[in-house]
Each structure stands twice: as C-alpha cells, then as structure tokens.
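Enquirer: mind looking at a prediction? Sequence and model below.
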Amino acid sequence: MYTWEELEGFVEHCQRCPLAYSRKRPVMGRGNHQAEIMFIAEAPGAKEDEAGIPFVGPAGQLFDQLLAGCSLTRDEIYITNILKCHPPGNRDPKDTEKEQCFPYLKYETYLLQPKIIVCLGRVAAQRIITPDFRITKQHGTWIHRKNCALTAVYHPSALLRDPTKLETTKNDFKEIVQMRDRLR
Ligand code: URA
C-alpha cells in the first residue's frame, strides 16, 4: 500500500502510456482525504492540463455550482478522473489508456475508502458501474458494492451543451447528500 504522497509522486512522473508525451501536466485527484464522497470523471481538459488541477475550466465552474446547490464545497469532497492526463483534442480515452491509468484510481479509492462514489458522465459510469450503463436512463440510480453506494450523474460538460438536463442533475445532487446522511 502507498501513501497519498507516494501516489502523487507516481502520477507526477508517470510514463505508462503515450499521453505522457503530449500532456503539459498530469492531473492527480484533489480534495479532502477524509471525504465521504468521491467524484470520478473522465479525463482532464485543456485548462486542467495547464493547471495540473481537476475541474478548473468551464465544466469545473458548473460542477462547483452544483455542489453549492446542495451545500457542498470542494473542501468536503474528493474529485478525480479515470485518466490522469489530457487526451489531445478532448477525444474519448482509449481502452489501453484507461487500463494503464486504472491502478492510480484504485489506489486513490483504497486510500480514501469513500462511502459514496459518483461517476460524472458516461465514460466513468461505464468503467466503474457497468459497461452497458445508459446515462440518459440510469443517471441518479444507485447500486451498493462493498460498503459503498455508487451512482452516476450527467457530466458537467454535457450540461453546458444541453442545459435542459440541469434541473434533473440538481435533483441527483440533492439525492447524493440525502444518501450521505442516510449512511452516516
Ligand atoms: N472534464 C473532466 O472529465 N475532467 C476534468 O478534470 C475536467 C473536465
């Protein structure tokens, strides 16, 4: 088992896949290491690639608003991505990249031991919950696995493209907090 510091060091110097040669900075997850709620998204965008910090671009601003809507802040949660490096042009992560990067996510999850995992968007939901997850039909539904409740919501970038999905997503966020309170 590794410490958070060791894990951060591995990600910082990772060369497990070719994204190591196109990235500006790897993007390790961030937030409270005692958080009950872990959010898992897809891969860093261009702004995150520059900053080395997850969700600092436009999708991140919307994510912060969704958190605020249910009285959560980034200081209370942990947020990370399946891929720690930006795929050029924001293309979907390749299966090989996801597999090479997955051990980092596993260690983050071991260290955090979250009570709740929230997948942000289809790519994370299909990797973490089930390969045939349908985000339009199944967002906001819950499964329980190894003392952890898992759900998925629309990715904030999808909400920027289609704001009609915002209301249902606000409800999904409220239910995340309700689930946290129920599990306490
Ligand atoms: N989109 C993601 O999936 N992750 C980020 O960190 C930023 C945008």
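Expert: Sure thing, it's come through.

Enquirer: near the ligand, which residues of this structure?
Expert: Within the chain, the positions adjacent to the ligand are 41, 42, 43, 44, 45, 48, 54, 55, 57, 59, 81, 157 by Cβ under 6 Å from any ligand atom. Heads up, the C-betas are built off the backbone N, CA and C, glycines and all.

Enquirer: now for the helix or strand residue 180 falls within, which elements pack on it?
Expert: In this structure, residue 180 sits in helix 166-183 according to DSSP states H and E. On a contact count with 3 or more Cβ pairs under 8 Å, 6 or more residues apart in numbering; DSSP states H and E, helix 166-183 meets helix 58-69, strand 116-120, strand 148-153.

Enquirer: what about 10 Å?
Expert: When contacts are defined as 3 or more Cβ pairs under 10 Å, 6 or more residues apart in numbering; DSSP states H and E, helix 166-183 sits against strand 37-41, helix 58-69, strand 116-120, strand 142-145, strand 148-153, helix 156-161.

Enquirer: among these, which is nearest residue 89?
Expert: The minimum distance between residue 89 and the helices and strands packed on helix 166-183 falls on helix 156-161, with 14.0 Å, by Cβ to Cβ.

Enquirer: how about that closest one: buried residues?
Expert: Neighbour-count burial for helix 156-161, counted by 16 or more other Cβ atoms under 10 Å, picks out 156, 157, 158, 159.

Enquirer: go on, stretch 65-82?
Expert: 66, 67, 70, 72, 74, 77, 78, 79, 80, 81, 82.

Enquirer: what of stretch 134-149?
Expert: Buried residues in stretch 134-149, counted by 16+ other Cβ under 10 Å: 135, 138, 139, 140, 149.

Enquirer: now do that stretch: distance from first to last residue.
Expert: Using Cα to Cα, to the nearest Å, the end-to-end distance of stretch 134-149 comes to 18 Å.

Enquirer: make 58 the first number, not 1, from now on.
Expert: In the new count, where the first residue is 58, that last one comes out as stretch 191-206.

Enquirer: still on that earlier bit, where does confidence bottom out across the residues of the chain next to the ligand?
Expert: Of all the residues of the chain next to the ligand, residue 114 has the smallest pLDDT value, namely 94.

Enquirer: count of residues packed around the residue in the chain that the ligand sits nearest to?
Expert: Nearest residue of the chain to the ligand: residue 98, at 3.3 Å (Cβ to the nearest ligand atom). Residues lying near residue 98 (other Cβ atoms under 10 Å) number 27.
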